[in-house]
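sharing a model that was predicted from the sequence below.
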Amino acid sequence: RAKGAGRNRVEVFDDALRARAMSRLRTEADLRLATDRHQLTLFYQPIVRLSDQSIAGFEALIRWQHPERGLISPADFVPLAEDTGLILQIGRWAMQEAAEQLAHWQRTHDSGLFMSVNVSGRQMLDDDMVECVRHVLADTGIAPDTLKLEITESLLMDDPGRAVSMMQQIRSLGVHLSLDDFGTGYSSLSYLHRYPVNSLKIDRAFISGAGNGDRREEIPRIILLLAKSLDLDVVAEGIENPSEVTFLRGLECRYGQGYYFSRPIPAPDAERLLALPALP
Ligand code: C2E
Ligand code: MG
Ligand code: MG
Ligand code: MG
């Protein structure tokens, strides 16, 4: 009897595994078609100057509008896209799309506006990456320093030597590099001086609750000091309330981003915000 129950458990386990594998295969097949079927879209989240809450730029954040499953967030398909290599095609599309949108908004609203685009490690280390960036710049005509590529340290750890070389090649095109989710990587400080980056984005884990006199706020304080001495710009991510804004302003943090100002929104909605002198 015990043996029988065991075997049943194994079968249940098998079924669960099989179901997961099937679902993954289906998602992968769907994702392969998603680009051709125009199901991928970019949302834009404003990045504001903390001094006056005017919009300095946007971060492009990818979404998958699935015909049956609705809007799928990047956490639920970007890892799969990385494993399968589909991220190369998707990443190229995202950079081109975001740059076209930026070119348009620079013409219609603000010629100094910037656009941040997330780049995965696989894409960053790809042989065609530099050529791809060069092509996007030539095709859209945007000033190179208004394009910012966001990279995470964890993704650079696989091959730090090659990563630094790729970063230098991209920097030589005039494009800016930003270290995303800063403070969450395990070797942040040991490599920071070697990375040719222009800015740091303080991870929202360190922003949440800042301004309440909590010990946690020592982290953004130190990151801002460090950035100042390395001459790096700083964006604080995940700002959700006014006390966080006041706190970061007091530390002279230049840029902020978060639900307090705006969630990531479709292009037409972002365009309406651009018409305002500052975000409320
Ligand atoms: P990320 O680059 O760190 O982006 C910030 C994430 O925090 C976004 O989630 C954004 O919606 C969310 N966020 C912004 N403000 C707040 C806030 O005030 N509170 C909270 N709780 N969350 C906030 P999202 O859009 O789901 O993106 C998740 C991650 O997916 C991104 O993290 C980025 O690593 C990745 N990703 C997004 N778009 C792309 C892309 O085009 N290519 C690649 N390779 N990765 C992407
Ligand atoms: Mg980012
Ligand atoms: Mg981030
Ligand atoms: Mg983050």
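Yes, it's here. Ligands and ions are numbered 1, 2, ... in the order given.

secondary structure element holding the residue of the stretch 1-150 of the chain found nearest ligand 2?
Sorted by distance to ligand 2 under C-beta to the ion, the residues of the stretch 1-150 of the chain start with Glu150, at 4.0 Å. Heads up, the C-betas are built off the backbone N, CA and C, glycines and all. Here Glu150, judged by DSSP states H and E, is contained in strand 147-152.

helix or strand with the lowest mean pLDDT in the chain?
One helix or strand of the chain scores below all others by mean pLDDT, DSSP states H and E: helix 188-192, with a mean of 73.

and it, what does it pack onto?
Using 3 or more C-beta pairs under 8 Å, 6 or more residues apart in numbering; DSSP states H and E, the elements in contact with helix 188-192 are helix 153-156.

in which helix or strand does the residue of the stretch 101-250 of the chain found nearest ligand 3 reside?
The stretch 101-250 of the chain approaches ligand 3 most closely through Asp180 (4.1 Å), counting by C-beta to the ion. If you go by DSSP H and E, Asp180 is part of strand 176-182.

same question for Glu100.
Under the criterion of DSSP H and E, Glu100 resides in helix 86-108.

what does this structure put close to ligand 4?
181, 203 (C-beta under 5 Å from the ion).

mean confidence for the helix ranked longest in the chain?
Selection of the longest helix in the chain by residue count, based on DSSP state H, yields helix 2-34. Predicted confidence along helix 2-34 averages 79 (mean pLDDT).

anything in it near ligand 1?
No - judged by C-beta under 6 Å from any ligand atom, helix 2-34 makes no contact with ligand 1; its nearest approach is 12.8 Å.

from the contact counts, what lies against that helix?
Judged by 3+ C-beta pairs under 8 Å, 6+ apart, the packing partners of helix 2-34 are strand 55-66, helix 78-84, helix 86-108.

mind running it again at 10 Å?
With contacts defined as 3 or more C-beta pairs under 10 Å, 6 or more residues apart in numbering; DSSP states H and E, the packing partners of helix 2-34 are strand 55-66, strand 70-72, helix 78-84, helix 86-108.

what comes into contact with the second one?
Residues outside strand 70-72 that contact it (C-beta atoms under 10 Å, 6 or more residues apart in numbering) are 27, 30-31, 34, 39-41, 43, 62-66, 78.

does ligand 1 sit close to the helix holding Glu100?
Yes - among the residues of helix 86-108, 91, 94 lie within reach of ligand 1 under C-beta under 6 Å from any ligand atom.

strand partners of the helix or strand that that helix is followed by, parallel vs antiparallel please.
Proceeding N to C from helix 86-108, the next assigned helix or strand is strand 114-118, under DSSP H and E. In its sheet, strand 114-118 lies beside strand 55-66 (parallel), strand 147-152 (parallel), with partners assigned from DSSP bridges.

looking at the stretch 151-280 of the chain, which residue is nearest ligand 2?
Closest contact between the stretch 151-280 of the chain and ligand 2, by C-beta to the ion, is at Asp180 (4.3 Å).

with that, I have no additional questions.
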